[in-house]
Every structure is written in C-alpha cells, then in structure tokens.
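Student: Sequence below, structure please.
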Amino acid sequence: MALTVLCLSFVLFLVLGVPVAFAIGLSCLATFAVEGLPFETAIQMMVSGMNVFSFLAIPFFIFSGELMLHGGIADKIVNFARSLVGHWKGGLGLANVVASTLFGGVSGSPVADTSAMGGVMIPIMKREGYSAAYAVNVTTHASLTGALMPTSHNMIIYAFAAQAATGMIGGQAIKGVSIGDLMFAGLIPVFWIMVCMLAAAYWQAVKFGYPKTAAGTSMVEKFPGWNAVLRAFVASVPGLLVVVIILVCVMEGITTATEAAAIAVTYSLILTIVIYRTMNKEKLLKSLAKASKTTGVILLLIGVSNMLRYQMAYLEIPETIEAVLLAATTTAWLMLLYINIIQIILGIFLDMAAHILITTPLFLPLAIQMGVGPVQFGMMLLLNCALGLVHPPVGTVQFVGCAIANISIGEATKTAWPYYLAIFIAITLVTYVPAFSTWLPSLITGHPVL
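Tutor: Alright, predicted model coming up:
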C-alpha cells in the first residue's frame, strides 16, 4: 500500500506540473502519513541530507561558473575557437563545438554553457548562413560535456549519493567514491564526445552546404593566420586555467574539492574584475542571484531526495528492483544494457540532480555486483542524465537553445540524431570498456580506480 501511494502520488504530481523537488517531498510526506511514521523523521532526513560539508563545493562551483558566464570569458573562448577552425567547412559549427566544450570546463554546467555559447554563437550562425536547428543542436549537445568536467557540481551530488556504496570487485574493496577520481574520469569521455560532435557538425555542414548565402552559394571564412590564433589562445588561457587549478589542487592533495571550488571563485573574481575588467556591480549581483537560486533548488532536491532514500530503504525498494532485474538476467553485459535503457527513459522525465539522487542508490549496488565500480558507473549515469537534458519533454538545455534561436523543440529535434548517436557511442564505451573512464585516474593516482 505504501509503495503504491509513493509511486502514484509522485507520478500524479509530475503530471500536474508540480516541480520535481516538491513532487518528491509531497509524495514522501503522503507515504509517511499512510505508514503512520512521524513527520519529524521526514524533516530530520531532509535536514541531514543537506547538512554535508562537501556540499559547500556546489554553490562555489555554481558561482564560479556564473562569474565566468557574465564576466565575458565566453567571448574570448569563442574568438579562439573561431580563429582555429572557423575557416573549415561548417567552420562556425566546429568553432561552436570547441568553444562549448572549453566553456563547459569553465562553467561545469550544460545549462550555463548553452546560455553563454548560445547567446553568442546562435545569432551569429543564423546571420552567417547556418540553419537555426543546426546552430541549436551543435550548441546544446556540445554543452553536455560540462556535466563531466572537473567543475561540475553534479559530480559532487553523485559522490554524495554513492557514499554508501560498498562491495568487492576483483579482490578490491569498494567504499564510496573519490571526487578526485571522478574529476579525472570524465576527461577522456569529454574529449571523445567533442571529437564525435565535430564529426557530426562537419558531416551536416557538408550535407547541407553550410555556411551558405540567401542565394544558396557557399561561403567559408579565410584562415586568419597562426599569429591571430596564438593571440586568441593567449587571451583565452586565463579563463581556461580554472580547470587546471582545480585538477592540480585535488591531484596534489593541496586542497579538498570544496576548498578547490572556493579557490575557483576567488580566481574568477580576480580574473573578471582585475584582469579582464569585464565585471561590474550589475553583473556581479546577477551572478550572485543566479547562483543563489540554483543552489537553493539543488539543496532542496538533495534534502527531499534524502527523505526519499529513507522511504526506499524502509520499503526495501532497491532490493525489490535488484531481485526483478536479476530474475530477468544474470549476464553482466545484458544487465548493464537494461540499466542504461532504464536510465535513458528516466532521464527524459527527471531533472539531472533528481535523477542522480534517486537512481544511484537503486542501481549502483547492482552495478557493483556486475563488476562495474562507482567511478565507471558515475560516468555512465552522468552521460545518461546529460542525454535527458537535450531530449523532450523535459530537455532543459534544448529548451534554452531553442528559446535563443526562436524555433520549436520539434524543429530542432528533427536533425539532432547524429548528436544523439555521439552520446550513445560514449555511453556504450563507458559501459563496456572500463578503461575509457578509469584509465586516466588510475594513471594519475597510481592505484587502480574502479
């Protein structure tokens, strides 16, 4: 009875358009009432879920990204990418992919990445002979790399959700997951996604003859010369250094991830106020307001999701799901395929933070049984969640890109399949080739990472 109330009320609230955080919280409270459990326990679970020191990294990473977004860093990254590949066929599309990937490392947020790159690149691409759908798809799909970058607050959320994970894989004990390992694990998948996006953008540009004038004739920029590329690169380096600073601080044990995030904020303030001088009072207040709003939403999700985790443990939901899947198959590769399919379906309807918090305790223990460690599973999960950001009906990132381009989601989705394919390939590689995500952190840390 309680499980029926939990599931049906949650689905009902989502159908009614209630925000995910409130839908989770209200459905949990309804279940508490049916079970006769004290509401004080629900509040305790909610508060204890948010009262974690490592979560301080979340507002710091978000604020750093907002400072970079409003501080003009995006323009310098765009100039560098455009000078490097802008003269190729579909040059602006290729430049967009490179710039979105680089800025994803700075912002750590696909939504912020799309807002920054889309606001700069989509109007330019439309003006210079590219279709609106092409401009949107290139921007939104390349921005998904921000979810796997070292500055991603979603990695912090996953590390929290996976902290109770235990088990044995090949004689190696598993206990939680290292944030530092996660930061390095995402770099090779990010590079692969960028390469696949470049291939997809180039293929579509050749197929449709982008860029082209209103008369239908093709037009391609001239290469500005290596001196111009070098100048643009030098101008963009200070902004890109934030990724290096975070990785070095964590890798060398100089700081924790939370302290590295605070350093990133300090560096961003110095960079935008003192060096570039692009930050004014209005932009700073806007960055603070946006970071506060985003942090509030995420922490509320974390609190109510911890309440949900308590309910799931009380009702033995993870054990039930595990039993159902094990009854379906005990073959590792098929089990991982089932998990990915379920994740992709859930990603269509759930926001990224909620998706991570809800599904990690459900599927990570089962993945560990199949020989998949928490770092590898984290990359699988983040990629599945990222795919949901560009797929309707939720598709937060795709909505932002389409709003900037002033086109419908349906129009953009018609030509998005090459970019979906790139993400699916990355998910497949992370799932079935462990070294794709674990080789680099193992090499850097000097011990096996699973």
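Student: Centroid-nearest residue for this protein?
Tutor: The centre of the chain sits closest to residue 147, judged by C-alpha atoms, centre = their mean, with a distance of 2.1 Å.
Student: any chance you could map the helices in the stretch 251-400 of the chain?
Tutor: In the stretch 251-400 of the chain, the helices defined using DSSP state H, counting those that start in this stretch lie at 257-270, 281-314, 317-328, 332-349, 352-369, 374-388, 396-405.
Student: Compare the ones you listed and give me the one nearest residue 20.
Tutor: Among these, the nearest to residue 20 by C-beta to C-beta is helix 352-369 (4.7 Å). The C-beta positions use only the backbone N, C-alpha and C, and glycine is treated the same way.
Student: any idea how far residue 420 is from the residue nearest to the centre of the chain?
Tutor: Separation of residue 147 from residue 420 (C-beta to C-beta, to the nearest Å): 16 Å.
Student: okay, residue 89: pLDDT?
Tutor: Residue 89 carries a pLDDT value of 72.
Student: For it, give me phi and psi.
Tutor: Backbone torsions of residue 89, given as degrees, to the nearest 10, read phi -60, psi 130.
Student: returning to what we had before: next one: the residue nearest to the centre of the chain from residue 92, what distance?
Tutor: Taken as C-beta to C-beta, the span from residue 147 to residue 92 is 24 Å.
Student: correct me, but residue 255 touches residue 263?
Tutor: Yes. In this structure, residue 255 is within contact of residue 263 by C-beta atoms under 8 Å, at 6.6 Å.
Student: Between the two, which contacts overlap?
Tutor: Residues touching both residue 255 and residue 263 (C-beta atoms under 8 Å, 6 or more residues apart in numbering): residue 249.
Student: picking that back up, JSON lines for the helices of the stretch 251-400 of the chain, including mean neighbour count, mean pLDDT and distance to residue 31?
Tutor: Below are the helices of the stretch 251-400 of the chain laid out as JSON lines (neighbours: other C-beta atoms under 10 Å; pLDDT from 0 to 100; distance: least, C-beta to C-beta, whole Å):
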{"stretch": "helix 257-270", "mean neighbour count": "20", "mean pLDDT": "84", "distance to residue 31": "33"}
{"stretch": "helix 281-314", "mean neighbour count": "19", "mean pLDDT": "81", "distance to residue 31": "6"}
{"stretch": "helix 317-328", "mean neighbour count": "14", "mean pLDDT": "79", "distance to residue 31": "11"}
{"stretch": "helix 332-349", "mean neighbour count": "17", "mean pLDDT": "85", "distance to residue 31": "20"}
{"stretch": "helix 352-369", "mean neighbour count": "23", "mean pLDDT": "85", "distance to residue 31": "14"}
{"stretch": "helix 374-388", "mean neighbour count": "27", "mean pLDDT": "89", "distance to residue 31": "25"}
{"stretch": "helix 396-405", "mean neighbour count": "23", "mean pLDDT": "80", "distance to residue 31": "28"}
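Student: To residue 157, which of those lies closest?
Tutor: Of all those, helix 352-369 sits nearest to residue 157, with 5.1 Å by C-beta to C-beta.
Student: Show me what the closest one packs onto, helices and strands only.
Tutor: helix 20-35, helix 153-161, strand 166-169, helix 281-314, helix 317-328, helix 332-349, helix 374-388 (3 or more C-beta pairs under 8 Å, 6 or more residues apart in numbering; DSSP states H and E).
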